[in-house]
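K.L.:
next input, structure requested:
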Amino acid sequence: MMVPCRLLVIEDVQNIADIICHAAADAGFEACSANGATATALYDSFGPQVIVLDLLISGMGELAFLQFLKERSSSARIVIISGCSDAYRKQAEDLAALGGLIIEANMAKPFRINELRGTLERIRQSISPDLKTAP
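P.N.:
Model prediction:
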């Protein structure tokens with residue numbers, strides 16, 4: 001029995017989290033979302049292989065979740081999606097990489113759903129090549 005790839009969305013705007021979860025499901029992931037209050041507990045219980053992360057989350061300090069992942073020596077692949085400036089997103093990506101985290105993509109909000117879905121399909125394919133995506 002094949003275990004699906006798990007994806008966790010860390011996003012405090014619920015309709016955006018829902019859109020990302022839907023795109024993730026289309027790309028072959030089992031997906032769920034968390035806000036700043038639930039992110040760390042859900043990470044520990046869900047065990048995601050991929051995380052889609054907004055850098056600025058209510059109830060969580062800037063870059064706090066990246067620090068949490070670093071402390072856990074996380075091997076999850078990370079997709080940054082944020083309305084922050086390009087320079088700030090790049091700085092966060094560089095700091096995460098220095099901490100040993102795997103940044104797969106760094107996208108600005110608003111994002112193009114087809115670009116996100118394609119990124120997620122590529123990541124899922126690299127994790128589990130035999131799992132088919134939804135038509």
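K.L.:
could you use CA atoms for every contact and neighbour count after this?
P.N.:
Will do.
K.L.:
mind listing what's buried in stretch 47-55?
P.N.:
Pro48, Gln49, Val50, Ile51, Val52, Leu53, Asp54, Leu55 (16 or more other Cα atoms under 10 Å).
K.L.:
before we move on, what about stretch 105-119?
P.N.:
For stretch 105-119, by 16+ other Cα under 10 Å, it's Ala105, Asn106, Met107, Leu116, Arg117, Thr119.
K.L.:
nearest to Ala23, of those residues?
P.N.:
Distances from Ala23 to these, taken as Cα to Cα, are shortest for Arg117 (5.4 Å).
K.L.:
wait, that closest one sits on Ala24?
P.N.:
Yes - using Cα atoms under 8 Å, Arg117 is in contact with Ala24, at 6.7 Å.
K.L.:
if I look at Gln49, how far off is Ser58?
P.N.:
Going from Gln49 to Ser58 by Cα to Cα, to the nearest Å gives 23 Å.
K.L.:
mind checking pLDDT for Lys132?
P.N.:
Predicted confidence (pLDDT) for Lys132: 54.
K.L.:
can you list the residue ranges for strands in this structure?
P.N.:
Under the criterion DSSP state E, strands of the chain are mapped to 5-10, 29-34, 50-53, 77-82, 102-108.
K.L.:
and the third one, what does it pack onto?
P.N.:
Meaning strand 50-53. For strand 50-53, the elements it packs on are strand 5-10, strand 77-82, judged by 3 or more Cα pairs under 8 Å, 6 or more residues apart in numbering; DSSP states H and E.
K.L.:
name the residues that touch that strand?
P.N.:
Strand 50-53 has contacts (Cα atoms under 8 Å, 6 or more residues apart in numbering) with 5-11, 76-82.
K.L.:
each with direction, which strands does it pair with?
P.N.:
Neighbouring strands of strand 50-53 in its sheet, by DSSP bridges, are strand 5-10 (parallel), strand 77-82 (parallel).
K.L.:
check the longest one too.
P.N.:
According to DSSP bridges, strand 102-108 has the following sheet partners: strand 77-82 (parallel).
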